[in-house]
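A.B. asks: sequence-free structure coming up:
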């Protein structure tokens, strides 16, 4: 407990496991959220990734396991800033043994964290709060991790989960109306 204030940790879980991960290993989520302090008191500001994404694009940002450069596990298909944060769509390379293991863990809901690897190009410290506002970042990798530094940075959807969700909604509706 720093500065006398308790640290509140919030966890949000998907209502079901991600067992609808289909055979191609495509998933989506937010690797960073704007305006939200991570556990290290860093806050990414809107536009922080713009120059890096323009320069590098999704193709040259690595998809790693636990920030380990020796464990690439796929590739990023889309990385873009939206109003909420850094939205990503990736594809696990299921020809890689580690990626198959992570795929299985994601299907069970055991792993769903995302975390960014970057170099700070411009930031400003806020003395009263102790926060560091990250204004410009050179993004070089995004990892699937067990424990993300920003707890809300998670895999949110996996390709082809919608039909299962729609079926669940239909079943619930039938139960409610019966």
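C.D. replies: Done, it's in. Keep in mind it's a predicted model, so treat the numbers as computed, not measured. Residues are numbered from 1 along each chain as shown.

A.B. asks: CA only for contacts and neighbour counts going forward, please
C.D. replies: Noted.

A.B. asks: helices and strands of the chain: which one bottoms out on pLDDT?
C.D. replies: helix 162-177 (a mean of 57; mean pLDDT, DSSP states H and E).

A.B. asks: so where is the protein shaky, pLDDT-wise?
C.D. replies: Counting by pLDDT under 70, the chain contains low-confidence ranges at 1-23, 158-178.

A.B. asks: now with 80?
C.D. replies: 1-23, 157-178 (pLDDT under 80).

A.B. asks: where along it do the strands fall?
C.D. replies: 26-33, 42-44, 62-65, 68-81, 85-92, 113-125, 132-145, 155-158 (DSSP state E).

A.B. asks: Would you format those strands as a markdown table with distance to residue 100 and mean neighbour count included?
C.D. replies: Shown next, in a markdown table, are the strands of the chain (distance: least, Cα to Cα, whole Å; neighbours: other Cα atoms under 10 Å):
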| stretch | distance to residue 100 | mean neighbour count |
| --- | --- | --- |
| strand 26-33 | 12 | 23 |
| strand 42-44 | 31 | 21 |
| strand 62-65 | 12 | 24 |
| strand 68-81 | 9 | 17 |
| strand 85-92 | 8 | 21 |
| strand 113-125 | 17 | 17 |
| strand 132-145 | 13 | 21 |
| strand 155-158 | 15 | 20 |
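
A.B. asks: Let's have those in TSV, adding distance to residue 53.
C.D. replies: What follows is those, written out as TSV (distance: least, Cα to Cα, whole Å):
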stretch	distance to residue 53
strand 26-33	14
strand 42-44	15
strand 62-65	12
strand 68-81	8
strand 85-92	10
strand 113-125	12
strand 132-145	8
strand 155-158	20
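
A.B. asks: quick one: which of these is nearest residue 104?
C.D. replies: Nearest to residue 104 among those is strand 85-92 (11.1 Å), distances taken as Cα to Cα.

A.B. asks: now what about that closest one, what contacts it?
C.D. replies: Here strand 85-92 makes contact (Cα atoms under 8 Å, 6 or more residues apart in numbering) with 24-34, 46, 63, 73-81, 99-100, 103.

A.B. asks: try stretch 132-146
C.D. replies: With Cα under 8 Å, 6+ apart as the criterion, stretch 132-146 contacts 31, 41-49, 51-53, 60-67, 111-126.
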